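Peer 1: Sequence isn't available, so here's the structure alone:
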């Protein structure tokens, strides 16, 4: 695999990991904008805007966009997160040119009032739906409280009020302000014709202009408090606990990933053996969550209410014990092997390479080949991993619980 | 890609689609057994048994099985359906031998009482969870009523009563009766070393013995009735409608797939443009569901209760109109192109090839290369597709609805 990159005059970056053996080409536009770049009053704007791109472009209707998607076949999708918005298409290599054209169309939504009204309704119903079904929005709510006062606390989905108040004008203004060429990375992976790709984007560069981009960046420190949101008549109690962790900029995030895998991976970890394998909980996991300038460790628990407090106490004991005695060499090797194998297997999927590469470049401006990633993982020692438990404080975490319990024991 | 197959003396079939360019090998054991092979009293037995395989084998504990899985890295999973149970591992090619060994271990569960009690609890909670969250089990309930009296009506998950009554002895008896070598297909895809694979399975063939396999096979005819299950306090109304359709044995299932895609694909279909794109429903789709000796067309609808009856009426109108006037040539070409592209792109994923190939062989004993599948799809005419609307009767479908509505208008 070969890495190529170039930057156009207007600041737009094009990066590609070329694999001549691949049978498809995956391409994505990664925009450095997300919920953190909104205001509280306009929360949900990025995601609503992402939806609008599929409704109609300045060159045609929603039906045209979707017809073009159908005609080139392949797979396409989009997502919005706290700090990025991405649009993605995977096609057979001979259709690269048309797929690039389509991605360009997606970035020029028409924002017609009629489409806007429909899409706003769709998002409002999505919000209602998340509130309505387990785990009842806890996946977003923890950030709201944990990072209170910081832009990362903002909901990607938005609230009924903020989405209800959105207008096509506000959306147009947001697009003009955030979708500048210097705020966008065009990434490609698989059987890429790089020269042709650059030429095509270069010739359409008039569509993208640079903008002055501002993002509030300051490392947040998570609050340590306990929140209980009571909901009667639900069968399970759901909880998330959070403590500060490494960001995408921090070298120790690989060690943090290994530690989380050893202690809290979905299968085969300490939490798994103690709580899930024994049937005491249906979910008990720990993972590390990295943003461009912040990070955290997240513990998730879902179980019957009557087992909740003792499970929470077991999680605390497992983390305390790990901090006191460290994870074992054997645990580290198992965790390492899991991650090495998953990384090696990802070589075969242009899509999974694309997402890793695009998001990482957007946040850090660094590209790492698969070989480099494997080498970093192999170099990490038991001391590196156990140092994580000293560096980040797992005791007295932030805790949020949703379910039938009126109060919990932390 | 090259297809190879062999049958061992004990009846076990080994099939492989070999792609020397692939970077991994995906392997699966497909057992011709599922919910339809249980009794009503033991519903859930197959799935519970599948869970047990990861708990412990006769050669070690659950921890050993999971440690081995971790050590060879890669991805593994299992699933149980109405008519098959499958276990799957994807690894780097040099680990093929160990992965085959692991699959062998999975098929010799120890059924220890202690593991059994735990796993039963897990399944009982899963049942509770499905009842507890949208769409409240409707994905299984429609079969229970639609195919009443036929083995395909049985729930894969089972009921609280049937799972509650399971015993390790019943499970052992079921395994001995259903997991015979002549009821199993071992499938491999990707960079497979076929000779070595056959040799390894051959040398372990003593572990698998042939059995007398019985399955009740008679083509069911779906009932046409309307069921409303009222649930207050849910935000959405969910419905499934079903009519008879082609089975995996029927040649017209490809035309049925094209018709469903044109009329009811998630994106870009008639139902999408009329109901989803306009925000009237969050789900409105039609797909064709094929089993070895039965089949059906399924319409799914999820929307706010106040829009439910008019949406249901729109679905009826769209299907009536299609039947009267047919789908257009352009709609057919778009649907065909979607499926052709998805099929071509699947070449790159040993996993997706494996699942298609294994399930198809298990049900029909037929292998189709990607080229053959593409050729069949290309041959289908507009007349073939529109004949489907005559052959299967979409009017007066079976309907089941779950949600706040007390009654619905069908």
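Peer 2: Thanks, I have the structure now. Note that the structure is predicted; figures quoted are calculated from it, not measured.
Peer 1: mind listing what residue A:410 touches?
Peer 2: A:226, A:312, A:399 (CB atoms under 8 Å, 6 or more residues apart in numbering or on different chains). All C-beta spots, glycine's among them, are computed from the backbone N, C-alpha and C.
Peer 1: which of those lies closest to chain B?
Peer 2: residue A:312 (17.8 Å; CB to the nearest CB).
Peer 1: residues from the stretch 51-200 of chain A in reach of chain B?
Peer 2: By CB under 8 Å from any CB of the partner chain, the residues of the stretch 51-200 of chain A that approach chain B are A:62-63, A:66-67, A:69-75, A:90-92, A:118-119, A:121-122, A:125-126, A:128-129, A:132-134.
Peer 1: Mind checking which of the contacts of residue A:410 are in helices?
Peer 2: Residues of the contacts of residue A:410 located in helices (DSSP state H): residue A:312.
Peer 1: Redo the contacts of residue A:410 as a markdown table? Include distance to residue A:320 and neighbour count.
Peer 2: Shown next, in a markdown table, are those (distance: CB to CB, whole Å; neighbours: other CB atoms under 10 Å in any protein chain shown):
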| residue | distance to residue A:320 | neighbour count |
| --- | --- | --- |
| A:226 | 18 | 17 |
| A:312 | 13 | 23 |
| A:399 | 15 | 22 |
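Peer 1: Would you mind putting the contacts of residue A:410 into TSV with pLDDT alongside?
Peer 2: Shown next, in TSV, are those (pLDDT from 0 to 100):
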residue	pLDDT
A:226	97
A:312	97
A:399	98
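Peer 1: For residue A:199, state which of the contacts of residue A:410 is nearest.
Peer 2: residue A:399 (53.8 Å; CB to CB).
Peer 1: can you tell me how far the closest residue to chain B within the stretch 301-410 of chain A sits from residue B:321?
Peer 2: The nearest approach of the stretch 301-410 of chain A to chain B comes at residue A:341, 2.0 Å away (CB to the nearest CB). As judged by CB to CB, to the nearest Å, residue A:341 and residue B:321 stand 52 Å apart.
Peer 1: what about those two, which has more around it?
Peer 2: Taking other CB atoms under 10 Å in any protein chain shown, residue A:341 and residue B:321 do not tie; residue A:341 has more neighbours (21 against 12).
Peer 1: Pull the contacting residues for the closest residue to that one other than its chain neighbours.
Peer 2: Leaving aside its sequence neighbours, residue A:341 sits nearest to residue B:73 (CB to CB, 6 or more residues apart in numbering or on different chains; 2.0 Å). By CB under 8 Å, 6+ apart, the contact list for residue B:73 reads A:337, A:338, A:340, A:341, A:342, A:344, A:345, B:91, B:92, B:95.
Peer 1: Okay, strands next: where are they in the stretch 251-400 of chain A?
Peer 2: A:283-290, A:295-303, A:398-403 (DSSP state E, counting those that start in this stretch).
Peer 1: Can I get the ones you listed in JSON lines including distance to chain B?
Peer 2: Listed next are those as JSON lines, based on distance: least, CB to the nearest CB, whole Å:
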{"stretch": "strand A:283-290", "distance to chain B": "11"}
{"stretch": "strand A:295-303", "distance to chain B": "9"}
{"stretch": "strand A:398-403", "distance to chain B": "11"}
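Peer 1: can you list these in CSV and add distance to residue B:268?
Peer 2: Output for the strands of the stretch 251-400 of chain A, formatted as CSV (distance: least, CB to CB, whole Å):
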stretch, distance to residue B:268
strand A:283-290, 35
strand A:295-303, 36
strand A:398-403, 37
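Peer 1: Out of those strands, which is closest to residue A:205?
Peer 2: strand A:283-290 (31.9 Å).
Peer 1: contacts for the closest one?
Peer 2: Residues contacting strand A:283-290 (CB under 8 Å, 6+ apart): A:245-248, A:250, A:253, A:256-257, A:259-260, A:263-266, A:269, A:271-272, A:274-276, A:295-303, A:311, A:315.
Peer 1: That strand versus strand A:295-303: what angle between them?
Peer 2: 170 degrees (axes from the mean of the first three to the mean of the last three CA atoms, to 10 degrees).
Peer 1: where does the residue nearest to residue A:341 fall, phi/psi-wise?
Peer 2: Dihedral pair for residue B:73: phi 60, psi -150, per degrees, to the nearest 10.
Peer 1: From residue A:348, how far off is it?
Peer 2: With CB to CB as the criterion, residue B:73 and residue A:348 are 14 Å apart.
Peer 1: Which strands or helices does the host helix or strand of residue A:29 pack on?
Peer 2: If you go by DSSP states H and E, residue A:29 is part of strand A:25-31. Applying 3 or more CB pairs under 8 Å, 6 or more residues apart in numbering or on different chains; DSSP states H and E, one finds that strand A:25-31 makes contact with strand A:85-91, helix A:96-106, strand A:184-190, helix A:350-364.
Peer 1: Buried ones in the last one, by neighbour count?
Peer 2: So that's helix A:350-364. Burial within helix A:350-364, assessed by neighbour count using 16 or more other CB atoms under 10 Å in any protein chain shown, is assigned to A:350-363.
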